[in-house]
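Chemist: okay, sequence plus prediction incoming.
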Amino acid sequence: MSSLPPVEYTLEYPYTRTTGPVVGAFLTGLRDGRLLGIRCRGRVLCPPLEVDPDTGETLAPDFVEVGPGGTILTWSWIAEPSRKHPFAEPFAFALIRLDGADGAICHAVRASGPGALATGGRVRAQYRSERKGAITDLYFAPEAEAESQYVPPGQGAVEMTEHLISLSYREPLAPHRERFAKGLLDGKFIGQRSPASGKVYLPSKGYDPIERVRMSEQDDVVVADTGTVVAYTVITPVQYYGQKETEPYIRASILLDGADQPLGQQDIRTIPISEFRAGLRVRAVWKPESERSVLDVDNRWGGTGAVLERWEPTGEPDVPFERIQEHNW
């Protein structure tokens, strides 16, 4: 197991859409403290669907109020909620057949503990004090723990809905990548020399991708912190949700002396774009040891975390293109 903390990834973006006549009516009902189902060939579906699930035919907007009580069909206790769950404390997700509805709705149940829940148990809808026309406007509670509520209606129909789509996951660093990360903290670039080809990969994937040979700690080598720019891109930031960049900058691949694979994903912000070029000789300027961090080093890309202050020109003559062209991509 890695002695460094696991790598955490978050993919997140906002999603906005129009609601339409069916979803819009349902969300408007939630905002106003009402649960609506839709009639479908003798059944009542809640949440309401726009089409008959059996035939695919468009359903007429024939709504009927259901609940607010319901029966638990099955449930699962969430002992350790994530940041995206509706409650910070333990709760349950349950399939609930609302009174007057066929089928079930999956929703959160806030309860004093798992002992307060049971298959066949009764729950009641509870509405939050602040509502915006979203499925999170309500939750459920066991009838014995539910409170009586007055929910004042809002104004107008809910015609737009916005959600923050987010996926977070984590994984430990692989042994070879952990040694690479620890080397960065010590001010060293650690690659691996293939026992089959002799080529040095930095950072290594733990194997020679050409010769298909695995590499171990015995194959680790330290390469120089000087190198040659072999490729680069000028990044002009596009403004989007969460964007913090405002000025153009360079992202470069640098072939360190002693390596056969460029170190990618290197941000260059202190060398003017007009003076930057392939073949330029550069050296790494390390941050003070107490300020170095490798939280951004992962198992996939060639980043160096936050251990470098900058890259700066060495003042040496440029390397001719013919000597670096195999690394230019």
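Modeler: Received, thanks.

Chemist: now do the contacts for residue 11.
Modeler: Taking C-beta atoms under 8 Å, 6 or more residues apart in numbering, we find residue 11 in contact with 166-168. From N, CA and C alone the C-beta is placed, and that goes for glycine too.

Chemist: checking it next. Helix, strand or coil?
Modeler: Assigned state for residue 11: strand (three-state reduction, DSSP: H, G, I helix; E, B strand; the rest coil).

Chemist: and it, how far is that from residue 265?
Modeler: Here the criterion is C-beta to C-beta, to the nearest Å. By it, residue 11 lies 18 Å from residue 265.

Chemist: out of the contacts of residue 11, which are buried?
Modeler: Not one of these meets the buried threshold, by 16 or more other C-beta atoms under 10 Å.

Chemist: now, which of those sits nearest residue 81?
Modeler: When the contacts of residue 11 are compared for distance to residue 81, the smallest value, 13.0 Å, is given by residue 168; criterion: C-beta to C-beta.

Chemist: break this protein into its domains for me.
Modeler: With automatic domain parsing as the criterion, the domains of the chain are listed as 20-158, 173-327.

Chemist: span of the shortest one from start to end?
Modeler: For domain 20-158, the first and last residues are 9 Å from each other (C-alpha to C-alpha, to the nearest Å).

Chemist: please apply the same query to the longest one.
Modeler: Start and end residues of domain 173-327 are separated by 27 Å (C-alpha to C-alpha).

Chemist: how far off centre is that domain?
Modeler: 24 Å (C-alpha atoms, centre = their mean, to the nearest Å).

Chemist: cool, and the shortest one?
Modeler: Relative to the centre of its chain, domain 20-158 is centred 27 Å away, using C-alpha atoms, centre = their mean.

Chemist: circling back: and which of the contacts of residue 11 is nearest to residue 146?
Modeler: residue 166 (29.7 Å).

Chemist: so the closest one bridges to which residues?
Modeler: Taking DSSP bridges, one finds residue 12 as the beta-bridge partners of residue 166.

Chemist: returning to what we had before: pLDDT and distance to residue 48 added to the contacts of residue 11, as JSON lines?
Modeler: As requested, the contacts of residue 11 are exported to JSON lines (pLDDT from 0 to 100; distance: C-beta to C-beta, whole Å):
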{"residue": "166", "pLDDT": "84", "distance to residue 48": "26"}
{"residue": "167", "pLDDT": "84", "distance to residue 48": "27"}
{"residue": "168", "pLDDT": "82", "distance to residue 48": "31"}
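
Chemist: would CSV of the residues you listed with distance to residue 271 be doable?
Modeler: Converted to CSV, these look like this (distance: C-beta to C-beta, whole Å):
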residue, distance to residue 271
166, 36
167, 36
168, 35
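
Chemist: nearest to residue 6 among these?
Modeler: The closest of these to residue 6 turns out to be residue 168 (C-beta to C-beta; 11.6 Å).

Chemist: doesn't residue 188 make contact with residue 286?
Modeler: No. In this structure, residue 286 sits apart from residue 188 without contact. The criterion is C-beta atoms under 8 Å, and the distance is 9.5 Å.

Chemist: hang on, the earlier thing: which one among the contacts of residue 11 gets closest to residue 53?
Modeler: Here the nearest of those to residue 53, counting by C-beta to C-beta, is residue 167; it sits at 27.2 Å.
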